[in-house]
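>>> Turn this into a structure:
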Amino acid sequence: MLAGRLTGTLNGRPAVIEADAAGVVLSLRSLRTAWDMRRQATTLLPALGLLRQGRVALQMRVAGLPSVALLPRASLLARLAVPELGSFH
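This next block holds a predicted model:
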């Protein structure tokens, strides 16, 4: 079981990864950080594949808004923003 909290930066902006029995949540403070991450989606696909194989739920929360599911099935909003996520269903 994954458990813990990792605080750091992504492109110089604060980011937090929290894991517990329910899954992993990536929290970003700004929409700009999430938008910048979008360009790196192709390089993140192998890591997302490993999480999917391990049946780990992944969600992303941006600027305190409600979280958006990325795994096991990406939400419609996530698939619209990052079409590459559509291959993970």
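
>>> mind saving the C-alpha coords of the helix or strand containing residue 69 as PDB?
In the assignment (DSSP states H and E), residue 69 maps to strand 68-71. The C-alpha coordinates for strand 68-71 follow below in PDB (Å, rounded to 0.1, in the frame of the first residue of the first chain):
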ATOM      1  CA  VAL A  68     -10.300  15.200 -11.700                       C
ATOM      2  CA  ALA A  69      -9.800  11.500 -12.200                       C
ATOM      3  CA  LEU A  70      -6.900  10.400 -14.400                       C
ATOM      4  CA  LEU A  71      -6.800   6.700 -13.600                       C
END
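
>>> how about the most centrally placed residue in the chain, secondary structure?
What sits nearest the mean C-alpha location of the chain, by CA atoms, centre = their mean, is residue 60, with 4.4 Å. Classification of residue 60 using DSSP: H, G, I helix; E, B strand; the rest coil returns strand.

>>> Likewise for residue 6?
Here residue 6 is recorded as strand under three-state DSSP.

>>> Just give the closest residue to it, not the sequence neighbours.
Distances taken as CB to CB, 6 or more residues apart in numbering place residue 17 nearest to residue 6, at 4.4 Å, with adjacent residues excluded. Backbone N, C-alpha and C define where each C-beta goes, glycine included.

>>> so what does the helix or strand where the one you found lies touch, helix or strand wise?
In the assignment (DSSP H and E), residue 17 maps to strand 13-20. Helices and strands touching strand 13-20, by 3 or more CB pairs under 8 Å, 6 or more residues apart in numbering; DSSP states H and E, are strand 4-10, strand 23-28, helix 31-38.

>>> make it 7 Å
On a contact count with 3 or more CB pairs under 7 Å, 6 or more residues apart in numbering; DSSP states H and E, strand 13-20 meets strand 4-10, strand 23-28.

>>> dump the residue contacts of the residue nearest to residue 6.
Counting by CB atoms under 7 Å, 6 or more residues apart in numbering, residue 17 makes contact with 6, 24, 26.

>>> What residues are bridge-paired with it?
Following DSSP bridges, residue 17 is listed with bridge partners residue 6, residue 26.
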